[in-house]
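Engineer: Next comes the sequence, and after it the predicted model I'd like to discuss.
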Amino acid sequence: MKKILVNIIFMFAIATIAGCIYGPPVKVSLSHLVDTPFLYRNKKVEFSGHVVRNEYYGDKYVTWQLIMEENGNRIYCYEDGDNPDVITKCVNLAEEAKENGEKIIVTGRLREGGYREIIRGTILEIDTFEYKSYKIDTDFGEFGIWCPAHGTYDFCNY
C-alpha cells in the first residue's frame, strides 16, 4: 500500500512539473509581474507592454535585448540563438511598435537576476513575440508565423 501511495505521489509530481513546463502561459500584467516576480519565477508567462529599448548583436549566433515598460515598471527580456533571421524580424517589428507607441506581447519563462536598468531583477527569456498579425516563435530556425487558420506555426517568406 505504501509503495502504491509513493508511486501516485511521484506521478502527480511529474505531471505537475510537466504542466508547468509545457502548459499554456499564465497571462499577467507587466506591472504585477514586476511587483510579484516570486509568484512567476521559472513559470511561462504572457504579458504586454511598450518597447523602451530594443537592440541585438551578433552574426550567426545573435542576442536580442528588449526592455518593456508598463506604468513605470520595466522588465528585461532576451532571446539568443543561431536563428538570426527570426530575431532580426522580431527586432524590426519591435522597433516599429516603439516608433508607433504600440504595445507588443511576449511569452517566456521568468528567470532570476537583475539588469542595469531594472530595479527589481526580473529577466524574461522570450519564447514568442506578437505584434499586429505576427506571432513569432523566437526559437524557430526559420520564421515561425502563427497561422490562425490551422493553429500551427508555418514556415513563411517575407
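Structural biologist: On my side now, so go ahead.

Engineer: Tell me the pLDDT of residue 54.
Structural biologist: Looking at residue 54, its pLDDT is 95.

Engineer: That one contacts residue 95, correct?
Structural biologist: Yes - with contacts counted by Cβ atoms under 8 Å, residue 54 reaches residue 95, the gap being 5.5 Å. In short, each C-beta sits where N, CA and C put it, glycine included.

Engineer: Give me the more crowded residue out of the two.
Structural biologist: residue 54 (21 against 13; other Cβ atoms under 10 Å).

Engineer: quick one: contacts for the closest residue to residue 44 other than its chain neighbours?
Structural biologist: Excluding the flanking residues, the one nearest residue 44 by Cβ to Cβ, 6 or more residues apart in numbering is residue 25, at 4.2 Å. For residue 25, the contacting residues are 44-46, 107-108, 127, by Cβ atoms under 8 Å, 6 or more residues apart in numbering.

Engineer: Looking at those, which are in strands?
Structural biologist: 44-46, 107-108, 127 (DSSP state E).

Engineer: so what's the backbone phi/psi at the residue nearest to residue 109 when sequence neighbours are not counted?
Structural biologist: Distance criterion Cβ to Cβ, 6+ apart; nearest residue to residue 109, sequence neighbours excluded, is residue 125 at 5.0 Å. Per-residue torsions, residue 125: phi -90, psi 110 (degrees, to the nearest 10).

Engineer: Let me have the contacts of residue 25 in CSV, adding neighbour count as columns.
Structural biologist: Listed next are the contacts of residue 25 as CSV, based on neighbours: other Cβ atoms under 10 Å:
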residue, neighbour count
44, 20
45, 22
46, 17
107, 21
108, 22
127, 18
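
Engineer: which of those lies closest to residue 33?
Structural biologist: Closest approach to residue 33 among the contacts of residue 25 (Cβ to Cβ): residue 45, at 6.3 Å.

Engineer: how far away is the closest one from residue 57?
Structural biologist: Distance of residue 45 to residue 57, computed by Cβ to Cβ, to the nearest Å: 26 Å.

Engineer: can you map out the strands along this structure?
Structural biologist: 26-27, 44-58, 62-70, 73-81, 103-112, 122-131, 134-137, 144-147, 152-155.
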